[in-house]
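J.: kindly return the folded structure for what I paste below:
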Amino acid sequence: MKSEFAAAVDLAWLQSQTAETAFALSPHCYVDPGLHAFERDAVFARSWQLAARAEQVAAPGDHAVAAIGGVPLVIVRDDDGELRALHNVCRHRAGPLVTCDGKGARALTCKYHGWTYSLDGALRGAPEMGRAREFDIASIRLPQVHVAQWRGLVFAALGDVPPFDSFVAGIDARLPADPSLAFAQRKSYDIACDWKVYVDNFLEGYHLPQVHPRLNALLDYRSYATELAPWFVLQSSPLDRGNALYGDGEALYYWLYPNTMLNVLPGRMQTNRVLPSGAGRCRVEFDFFYSSADRTDRAGDAAFSDLVQKEDIAICEAVQRGLASGSYEPGRLNPTREQGVWHFHELLRAAYRAAMQSERASR
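T.: Residues are numbered from 1 along each chain as shown. Got it, this is the predicted structure:
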């Protein structure tokens, strides 16, 4: 889809910056409805996206609904046990094949006119199409996209993306050797800020003393470290010894480009996806996982997580109002505390440049 935004924007503001001299993104990146639409293709359709939990698609016929860049998907385990990510759009007249997660399906049947597909995406039945000339059922199948399963999570991608192994390279070495964590619950938040405001906020511990006094007391701000990899950022901190909530060990906060986070603590993990829901709005979905040996007060853990999220929501919504006010001009980034933000912005600039140049070349 052609983008008026891509055609109109001067590429000069998208040039790469060094961490030591970097400025934050321009405020229009957070408030322009045209950019919000452009990002569906430039960012989300060209990146790995967290799409499901592996336990949702463990056996043949198990399936989960997802969407990437506006494209409806069904994640399904086929009859041979292969995991697939198929377009959830019937080849007849675009009806949905699956409308909710489910178990043990033998086929995928369109909810509009009943066309039926096998679990590998091949059309195997089209009611009352016998009189259609040159209609070859064998030639019709659902488009399939990239899919990968990793540490109990399923990721999918529509287009040209790095191999999944290179996307997560280096993470396994820092995570617990036993990855067996059981899903406990999901909590979701609708937030009046652009998705990038929320990601920016996640990617720096600079705000901890001001925004999260209770969380800051559990971490060691002086030892809080940020490490950069090609497609992710790791923030880590030793935990305050003897704290009753998190226990002894280390807090690991991973961000995977562009919108997935893993919060790894002793005996538990949270994943959170930041999903754009319109210009200046996003939805954040938290999934909570615990090891069978963990004795955490789960209600207390969820309550503390909720407190931290409400603190983040309040500051992110205030920042969104500041960005939209007309008062703000891009400020300098702290090269020590905000290098994760810089890395995110560099990846965004590269994605914007590539998509804009591609669109302009095709005009």
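J.: which parts of the stretch 151-300 of the chain are strands?
T.: Assigned by DSSP state E, counting those that start in this stretch, the stretch 151-300 of the chain shows strands spanning 153-157, 182-191, 225-228, 232-238, 250-256, 260-265, 268-278, 281-290.
J.: for residue 319, which of the ones you listed is the nearest?
T.: Residue 319 lies closest to strand 182-191 among the strands of the stretch 151-300 of the chain, at 11.0 Å (Cβ to Cβ). Yep, even glycine has a C-beta here, placed from its N, CA and C like the rest.
J.: returning to what we had before: need the strands of the stretch 151-300 of the chain in a markdown table (columns: mean pLDDT).
T.: Below are the strands of the stretch 151-300 of the chain laid out as a markdown table (pLDDT from 0 to 100):
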| stretch | mean pLDDT |
| --- | --- |
| strand 153-157 | 98 |
| strand 182-191 | 97 |
| strand 225-228 | 98 |
| strand 232-238 | 97 |
| strand 250-256 | 97 |
| strand 260-265 | 97 |
| strand 268-278 | 95 |
| strand 281-290 | 97 |
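J.: most packed of the ones you listed?
T.: strand 153-157 (a mean of 23; mean count of other Cβ atoms under 10 Å).
J.: what angle sits between it and strand 250-256?
T.: 20 degrees (axes from the mean of the first three to the mean of the last three Cα atoms, to 10 degrees).
J.: output the contacting helices and strands for strand 153-157.
T.: strand 49-53, strand 63-68, strand 71-77, strand 144-150 (3 or more Cβ pairs under 8 Å, 6 or more residues apart in numbering; DSSP states H and E).
J.: could you dump these to TSV with mean neighbour count?
T.: Formatted as TSV, the helices and strands packed on strand 153-157 follow (neighbours: other Cβ atoms under 10 Å):
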stretch	mean neighbour count
strand 49-53	24
strand 63-68	20
strand 71-77	24
strand 144-150	18
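J.: format those as JSON lines; extra columns: distance to residue 245 and mean pLDDT.
T.: Shown next, in JSON lines, are the helices and strands packed on strand 153-157 (distance: least, Cβ to Cβ, whole Å; pLDDT from 0 to 100):
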{"stretch": "strand 49-53", "distance to residue 245": "25", "mean pLDDT": "98"}
{"stretch": "strand 63-68", "distance to residue 245": "31", "mean pLDDT": "98"}
{"stretch": "strand 71-77", "distance to residue 245": "34", "mean pLDDT": "98"}
{"stretch": "strand 144-150", "distance to residue 245": "28", "mean pLDDT": "98"}
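J.: reformat those strands as CSV; add distance to residue 107.
T.: Below are the helices and strands packed on strand 153-157 laid out as CSV (distance: least, Cβ to Cβ, whole Å):
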stretch, distance to residue 107
strand 49-53, 19
strand 63-68, 11
strand 71-77, 10
strand 144-150, 16
